[in-house]
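K.L.:
fold the stuff below for me.
(2 chains)
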Amino acid sequence: MNLRWYHFALWLVFIGVMYAIPEFVSKGTLRTLIFANFLAIFAISWDVLSGRTGYVSFGHPFLIGIGAYTSAILTKRFDVPIEFAVPAAVMMTMIGGIIVFLPALRIKGSYFALVTLAFMELMYQLVQVIRPDLTGGTRGMSGIQTLTRGAVNGYYLSVSLMLAIALSMWLLMRTQLGTALSAVGMNEESVRGSGLSTTRLKLFAFLTSAFVAGLGGAFYVHYLGSIAPRALFDINFLFTIIVAALIGGASTIIGPVLGAFFLTFLLEFLRPYLPGAERYFIYGAIALLLYMYEPKGLIALIQRGWNRLRGGV
Amino acid sequence: MQIIIQGLLLSGLYALIAMGFTLIFSVGRVLNLAYGAYLLIGGYVYFTVSQTLGVPKVIGLLTATLVGCLLGLLKYRLLVKPLKGNHVAIEISTLILAVVLQAAIVFLYGDSSKILLPIVSGVTQVSGASVTYNLLAATVASWAILIALYVFVQKTHVGRAMQAVSMDTRGAAISGIDPDKINLFTWGLSGALGATAGVFFASYTQLSPSMWVAPLIISVAVVIVGGIGSIIGTLVVAHIVGFMEVLAVAVIAPELRGVFTMLLIIIVLVIRPQGLFGREEL
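P.N.:
Below you'll find the predicted structure:
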């Protein structure tokens, strides 16, 4: 497992800081932090699949959307209690994960990315047409039961979920299984040559990613209380998830969390100067420059700075 | 009859849209996800030059083409070349670039969509179907450009060099072709084609900052289904996609217009990843 005591010390400090935050900041900042938490969950989900195995998914909103819609439909249209609706949504998302997994048996690289993009667009168009009485059609649904009231409770819920997912994924990726998944990303043939079933490894990665996406999606919709197809199956949303994972540092778990907070706060910081979609211009430009300069992300920059600091002392 | 005419017209437009994307994918072997942004920029440049400044339309069209070409060249120099070889990185950074350019358009022109006056105005009746001269012009232009492109790629020295690089970059380099130059040329050409297509596409629908997504999906569909390095394949598949859309709208429901295109992409990629007309690849 290759765990050291300072790993746990760092995690404890991180968890402590995250839980202490509501004591110090305003409600508005907390709402921003809640979004950052959810973005971090989605970025982790993307990272477990794409950052590790190299199967770049451009259709992650597809999985998140399945989770969100399933839970929303169950609670709103069929009056299923949330305790049952969320696990059902996670199950549905994992089935969705298997659907996305099937093409990955035959194709990879750019082609795989395109299939997932097609899945997302397909879902976007189908949701509006098929059974609008259930999905709410183009306008989506509102008035979905929410789990918490107020920013502070919402923050505790989202941060707990995020930390639980981040910690368990981090531990999971420290096992031999995580190493094997990274190996698939580096060279699939040699993994197969070592006698491991790449099919099973990939299936595992897809299911884990779908599990996290479904969980995140379901909780997200119960936080927002509303859902609309254009907000969910959108290239801008996809872009934010991928950029968060990459900016932070792919295949590191903590990187995507870092990236998600960095991006969300960058976006909030720009709000007073540029109110509308123009913010994406600066935001995207910074993301692009950072990505071109350091494809390994912020985490690599921090590590390099840390090493230099230690070397200096 | 109406379906056939509408299908033909729409397909011509789609073929024009997909052509530039095919070129890059065949020669450079990278997916340029910012391709839709050429159409976006092309449309808005034309709008600015001919509708706001009141310059003749032909000059507007030429300016749009030039800007698109320039954009393609810049993109290759600044983005694709430094990331050479890393396809995933290129795809992701072009996707980011597309969002950045979209935001830039929002910044300059605002969020609301704009109506582009038809490039060629007027309507005619062809056996019961009303055909705008504008779409007719787009189709004619598209066919002219496609034929010119086909002749160019098959007959001229540069075109054949492009084919060579597309087949085997190293082999082409040994035969004295500079793959870098050919790539640069292709990116410029692709940008010019994209911007031209953008003007026609914008006059067919309307100008809006998010108009780049639909043509990108169409281009992807056409290239995936048609296969790498096949101009004829592009043409045929553009017609398949165009007719499927027109049929879906006319026979089933207007909301379903894109669904069959997506299904086609998924099915073809899973069953025959090299495309219907492409060489064995992957």
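K.L.:
so which bits of the stretch 151-300 of chain A are right by chain B?
P.N.:
Within the stretch 151-300 of chain A, the positions lying close to chain B (C-beta under 8 Å from any C-beta of the partner chain) are A:235-236, A:239, A:242-243, A:246, A:274, A:276-281, A:283-285, A:287-288, A:291-292, A:295. Backbone N, C-alpha and C define where each C-beta goes, glycine included.
K.L.:
show me which of those residues are buried.
P.N.:
A:235-236, A:239, A:242-243, A:246, A:274, A:277-281, A:283-285, A:287-288, A:291, A:295 (16 or more other C-beta atoms under 10 Å in any protein chain shown).
K.L.:
filter those residues down to the ones in helices?
P.N.:
Residues of those located in helices (DSSP state H): A:235-236, A:239, A:242-243, A:246, A:279-281, A:283-285, A:287-288, A:291.
K.L.:
just want the most central residue of chain A.
P.N.:
Centre of chain A computed as the mean C-alpha position; nearest residue by C-alpha atoms, centre = their mean is residue A:42, 1.1 Å away.
K.L.:
that one belongs to a helix?
P.N.:
Yes - under DSSP: H, G, I helix; E, B strand; the rest coil, residue A:42 falls within a helix.
K.L.:
all strands for chain B, in order.
P.N.:
Using DSSP state E, the strands of chain B run over B:123-126, B:129-132.
K.L.:
likewise the stretch 1-150 of chain A?
P.N.:
A:141-142 (DSSP state E, counting those that start in this stretch).
K.L.:
contact partners for whichever residue of it sits closest to chain B?
P.N.:
Distances between the stretch 1-150 of chain A and chain B by C-beta to the nearest C-beta are smallest at residue A:122, namely 3.8 Å. Counting by C-beta atoms under 8 Å, 6 or more residues apart in numbering or on different chains, residue A:122 makes contact with B:259, B:262-263, B:266.
K.L.:
give me the pLDDT value at it.
P.N.:
Looking at residue A:122, its pLDDT reads 82.
K.L.:
what's the answer for residue A:278, then?
P.N.:
Residue A:278 carries a pLDDT value of 68.
K.L.:
before we move on, what about residue B:22?
P.N.:
Confidence score, pLDDT, at residue B:22: 82.
K.L.:
what number of residues are in the vicinity of it?
P.N.:
Neighbours of residue B:22 under the rule other C-beta atoms under 10 Å in any protein chain shown: 28.
K.L.:
isn't it right up against residue B:224?
P.N.:
No - counting by C-beta atoms under 8 Å, residue B:22 stays clear of residue B:224, with 10.3 Å between them.
K.L.:
can you tell me how far residue B:171 sits from chain A?
P.N.:
Between residue B:171 and chain A the distance is 22 Å, computed by C-beta to the nearest C-beta, to the nearest Å.
K.L.:
flag the shaky bits of chain A, pLDDT-wise.
P.N.:
In the predicted model of chain A, residues A:1-3, A:137, A:274-278, A:312-313 satisfy pLDDT under 70.
K.L.:
starting at the chain centroid, how far to the biggest helix by length in chain A?
P.N.:
Among the segments of chain A that qualify as a helix by DSSP H, the longest is helix A:198-224. Computed by C-alpha atoms, centre = their mean, to the nearest Å, the chain-centroid distance of helix A:198-224 equals 9 Å.
K.L.:
who are the packing partners of it?
P.N.:
Counting contacts by 3 or more C-beta pairs under 8 Å, 6 or more residues apart in numbering or on different chains; DSSP states H and E, helix A:198-224 packs against helix A:27-46, helix A:52-53, helix A:60-77, helix A:82-104, helix A:151-174, helix A:176-186, helix A:188-193.
K.L.:
between the ones you listed, which gets nearest to residue B:204?
P.N.:
For residue B:204, the closest of the helices and strands packed on helix A:198-224 is helix A:60-77, at 27.8 Å, according to C-beta to C-beta.
K.L.:
how about the closest one and chain B, touching?
P.N.:
No - counting by C-beta under 8 Å from any C-beta, chain B is not contacted by helix A:60-77; separation bottoms out at 11.2 Å.
K.L.:
what stretches of the stretch 101-250 of chain B score poorly on pLDDT?
P.N.:
Scanning the stretch 101-250 of chain B with the threshold set as pLDDT under 70 gives B:117-123, B:125-130, B:227-230.
K.L.:
isn't the residue nearest to the centre of chain A right up against residue A:241?
P.N.:
Yes - using C-beta under 8 Å, residue A:42 is in contact with residue A:241, at 4.8 Å.
K.L.:
how far away is the closest residue to residue B:190 other than its chain neighbours from chain A?
P.N.:
Excluding the flanking residues, the one nearest residue B:190 by C-beta to C-beta, 6 or more residues apart in numbering or on different chains is residue B:20, at 3.9 Å. Here the criterion is C-beta to the nearest C-beta. By it, residue B:20 lies 17 Å from chain A.
K.L.:
contacting residues for residue B:20?
P.N.:
B:35, B:38, B:189-194, B:197, B:219.
K.L.:
ok, now residue B:195?
P.N.:
With the criterion set at C-beta under 8 Å, 6+ apart, residue B:195 makes contact with B:38-39, B:41-42, B:45, B:64-65, B:67-69, B:71.
K.L.:
can we see that at 7 Å?
P.N.:
Counting by C-beta atoms under 7 Å, 6 or more residues apart in numbering or on different chains, residue B:195 touches B:38, B:41-42, B:64-65, B:67-68.
K.L.:
ok, of those, which come out buried?
P.N.:
Looks like the contacts of residue B:195 have B:38, B:41-42, B:64-65, B:67-68 buried, using 16+ other C-beta under 10 Å.
K.L.:
ok, which pair from these is furthest apart?
P.N.:
B:41 and B:65 (10.9 Å).
K.L.:
who's the closest spatial neighbour of residue A:114, skipping the chain neighbours?
P.N.:
In space, and not counting its chain neighbours, residue A:114 is closest to residue B:220: 5.6 Å by C-beta to C-beta, 6+ apart.
K.L.:
now do the helices in the stretch 151-282 of chain B.
P.N.:
In the stretch 151-282 of chain B, the helices defined using DSSP state H, counting those that start in this stretch lie at B:157-167, B:169-174, B:179-204, B:213-226, B:231-247, B:259-271.
K.L.:
any idea which of these gets closest to residue B:133?
P.N.:
Relative to residue B:133, the nearest member of these by C-beta to C-beta is helix B:179-204, separated by 10.9 Å.
K.L.:
and the closest one with helix B:213-226, angle?
P.N.:
Per axes from the mean of the first three to the mean of the last three C-alpha atoms, to 10 degrees, the angle that helix B:179-204 makes with helix B:213-226 is 130 degrees.
K.L.:
which parts of helix B:179-204 are buried?
P.N.:
B:179, B:182-204.
K.L.:
enumerate the residues of the stretch 101-250 of chain B near chain A.
P.N.:
B:103-104, B:106-107, B:111, B:213, B:217, B:220, B:224 (C-beta under 7 Å from any C-beta of the partner chain).
K.L.:
re the thing from before, what do residue A:42 and residue A:241 both touch?
P.N.:
residue A:60.
K.L.:
tell me the contacts of the spatially closest residue to residue A:146 that is not a sequence neighbour?
P.N.:
Nearest residue to residue A:146 in three dimensions, chain neighbours excluded: residue A:225, at 4.7 Å (C-beta to C-beta, 6+ apart). Contact analysis of residue A:225 by C-beta under 7 Å, 6+ apart lists A:142-144, A:146.
K.L.:
list only buried entries from those.
P.N.:
Buried by 16+ other C-beta under 10 Å: residue A:144, out of the contacts of residue A:225.
K.L.:
picking that back up, tabulate the buried ones among the contacts of residue B:195 (CSV), appending pLDDT and distance to residue A:136.
P.N.:
Listed next are the buried ones among the contacts of residue B:195 as CSV, based on pLDDT from 0 to 100; distance: C-beta to C-beta, whole Å:
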residue, pLDDT, distance to residue A:136
B:38, 85, 35
B:41, 86, 35
B:42, 85, 36
B:64, 80, 39
B:65, 82, 43
B:67, 84, 41
B:68, 83, 39
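K.L.:
among those, which lie within helices?
P.N.:
Here DSSP H is the test, and these give B:38, B:41-42, B:64-65, B:67-68 as lying in helices.
K.L.:
thanks a lot, catch you later.
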